[in-house]
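**Q** take this sequence and fold it.
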Amino acid sequence: MMLSLHFFLIVVTCLFALVACSVVWQQNNSTFGDNAILEEIKDYNDVPIPGISWVHRIVNPTEVTLDGITYPSAYLALMNGTPRDHPCRNLNAFVNSFLFSDISMAYFIKKYGIHLGHYIVCYLRNFLGAMLVYYGTSMAFHYYYYIHPRSQKIFSNRIKPNWDIIWDQIKLSQCSMIIYVLHPIVDEILVENGYTLCYYTVKEVGGWIPFVFFTLLYFSMVEIGIYWMHRILHTNKFMYNYIHKTHHKYNQAHTLTPWAGLAFDPLDGILQASPYMISLLFVPCHYGLHFIMIFLTAIWATYIHDAMDFNIDPIMGAKYHTVHHTHYVYNYGQVFTFCDRFWGTFREPDGPTGVKKTKEELRKVFNRRAGKKID
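**A** Numbers count the residues shown, from 1 in each chain. Here you go, the predicted model:
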């Protein structure tokens, strides 16, 4: 177990090193030559975060000509030289510039066109980011629950997941990620091309009061949407048998681990994440907040699959989600228990997760469910 953990630590360390080397590669003293577009944008002071100053740190800039206009940088070409008119794409280009040099971006633009090239780079970024989040958070939970000295107390009266289960979840998650990360790409296409109600600054939505109101409304719609999507994946026999059943092969507490968070059919993950995108068509949401919610969802998935009892109501924590995996027809919610309580699918666990019950404890559980008085 320790040897395998060390192996994955090495893999993730190498990925981080790759990112670091890419950043260092771009931080040399190369500069742009004279260019009218660059001169025009250098005084922009109204471009929202990350602004436009990041363009000036690009090294070895590669000129790209589109529709007769020559841009001094491939990343500037993505925004038609007007970053203030493309704040969402400007942020994506800023993030991508840490991973892909201007030369690389120019290659993708020339090879696949400006839009497809941009989204291919975003896909590669998302894939790398998904692996970093998945392996990083899962290993942190793994160490705390299974390796830290505290683990002896945690598993003193319960079964510890074996390596075969963990390895199966890792393989399934890694395969799923290849397709699953296409979901945020579709999201980006809709947002960047103005098909959603997503906004970039608080000023655009009318101030902080509308910002708070629409944020709560958006999150509520997402929570309700995920609840019903998840429930339909269970109640529709075709969808359950051919899409969701794969994830539910982990149906006991000792088969649930932090590594199971993304261990699903990729279509399953896309369907359950779709309310984040669909809700944007009807409710305004800040782009940065939307981005953060999607990012935190991956970390949340790690937490609710660890089969531990740490929980603060009304949060749909691991102890409630474990009940979902063991009983199938309860606790469909994502972050809170409100939807399950409202639609009658909420269920409390019978006791500490994964702890084998005595005959007397089983009798009390049976009587409680039957509404009988417990002695």
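**Q** how about His323, what does it touch?
**A** Wrong residue type there; residue 323 is Val, not His. If you count contacts by CB atoms under 8 Å, 6 or more residues apart in numbering, Val323 has them with 330-331, 347-349. The C-beta positions use only the backbone N, C-alpha and C, and glycine is treated the same way.
**Q** what strand or helix carries it?
**A** Assigned by DSSP states H and E, Val323 belongs to helix 318-327.
**Q** what's around Val205, how many residues?
**A** Counted with other CB atoms under 10 Å, the neighbours of Val205 add up to 19.
**Q** and the pLDDT for it?
**A** As predicted, Val205 sits at a pLDDT of 93.
**Q** wait, what's in contact with it?
**A** 199, 211, 214, 284, 286.
**Q** what's the first helix or strand after the helix or strand encompassing the third one?
**A** Using DSSP H and E, Phe214 maps to helix 208-235. Proceeding C-terminally, helix 208-235 gives way to helix 237-239 as the next helix or strand, assigned by DSSP H and E.
**Q** what are the buried residues along that next one?
**A** Across helix 237-239, burial judged by 16 or more other CB atoms under 10 Å covers Met239.
**Q** quick check: pLDDT value at Thr201.
**A** 89.
**Q** please disregard the earlier target; I meant Ala307.
**A** For Ala307, the model assigns a pLDDT of 86.
**Q** please renumber the chain so that the first residue is 18 from this point on.
**A** Okay, residue one is now 18; in that scheme the one you just asked about reads as Ala324.
**Q** OK, contacts around it?
**A** 270-271, 273-274, 335, 339, 370-371.
**Q** quick one: which of the residues you listed is most hemmed in?
**A** Leu273 leads those on contacts (other CB under 10 Å) with 27 neighbours.
**Q** list the contacts for that one?
**A** Leu273 neighbours (CB under 8 Å, 6+ apart): 178, 267, 322-324, 339, 342.
**Q** give me the number of residues near the nearest residue to Thr87 once chain neighbours are set aside?
**A** Nearest residue to Thr87, sequence neighbours excluded (CB to CB, 6 or more residues apart in numbering): Glu80, at 5.6 Å. Applying other CB under 10 Å, we find 16 residues neighbouring Glu80.
**Q** contacting residues around Glu80?
**A** Counted by CB under 8 Å, 6+ apart, Glu80 has contacts 87-90.
**Q** show me which of those are buried.
**A** The buried subset of the contacts of Glu80 - by 16+ other CB under 10 Å - is 88-90.
**Q** my guess is His265 meets His344, correct?
**A** No: using CB atoms under 8 Å as the test, His265 is too far from His344 to be in contact (10.7 Å).
**Q** what about stretch 333-345, distance to the chain center?
**A** 20 Å (CA atoms, centre = their mean, to the nearest Å).
**Q** ignore the last one, stretch 309-318
**A** Centroid separation between stretch 309-318 and its chain, computed with CA atoms, centre = their mean, is 4 Å.
**Q** let me see the mean pLDDT of it.
**A** 90.
**Q** what sits up against it?
**A** Identification of contacts with stretch 309-318 by CB under 8 Å, 6+ apart yields 147, 150-151, 154, 201, 204, 236, 239, 278-279, 290, 293, 351-352.
**Q** buried residues, it. List them.
**A** 310-311, 314-318.
**Q** and the two most separated of those?
**A** Met310 and Ala318 (12.8 Å; CB to CB).
**Q** out of the contacts of Ala324, list just those in helices.
**A** 335, 339 (DSSP state H).
**Q** could you pull out the strands for this structure?
**A** 81-83, 86-88 (DSSP state E).
**Q** check the gap between the nearest residue to Thr82 once chain neighbours are set aside and Leu284 for me.
**A** Once flanking residues are discounted, Thr82 sits nearest to Tyr88: 7.4 Å by CB to CB, 6+ apart. As judged by CB to CB, to the nearest Å, Tyr88 and Leu284 stand 38 Å apart.
**Q** try Tyr349
**A** 18 Å.
**Q** and for Ile176?
**A** 31 Å.
**Q** same deal with Ile182?
**A** In terms of CB to CB, Ile182 sits 23 Å off from Leu284.
**Q** between these two, who's got more neighbours?
**A** For the pair Ile182 and Leu284, the greater number of neighbours falls to Ile182 (19 against 16), based on other CB under 10 Å.
**Q** enumerate every residue touching the residue nearest to the more buried one when sequence neighbours are not counted.
**A** Leaving aside its sequence neighbours, Ile182 sits nearest to Thr272 (CB to CB, 6+ apart; 5.4 Å). Residues counted as contacts of Thr272 (CB under 8 Å, 6+ apart) are 178, 182, 266.
**Q** same check, this time on Asp282
**A** 193, 260-261, 263-264.
**Q** again, only using 6 Å
**A** Taking CB atoms under 6 Å, 6 or more residues apart in numbering as the contact definition, Asp282 lies against 260, 263.
**Q** then the one 10 residues further on?
**A** Pro292 sits next to 239, 242-243 when contact means CB under 6 Å, 6+ apart.
**Q** kindly recompute the last result at 7 Å.
**A** 238-239, 242-243, 246 (CB atoms under 7 Å, 6 or more residues apart in numbering).
**Q** for Phe281, same thing?
**A** 193, 263-264.
**Q** so for Arg167, what's the pLDDT?
**A** 86.
**Q** how near is it to Ser173?
**A** Taken as CB to CB, the span from Arg167 to Ser173 is 11 Å.
**Q** what does Thr314 give?
**A** 33 Å.
**Q** over to Asp326?
**A** 14 Å.
**Q** neighbour-wise, which of the two wins?
**A** Asp326 (16 against 8).
**Q** give the closest residue to that one in space, chain neighbours not counted.
**A** Lys336 (4.7 Å).
**Q** kindly report the same for Thr213.
**A** Nearest non-adjacent residue to Thr213 (CB to CB, 6+ apart): Leu297, at 3.9 Å.
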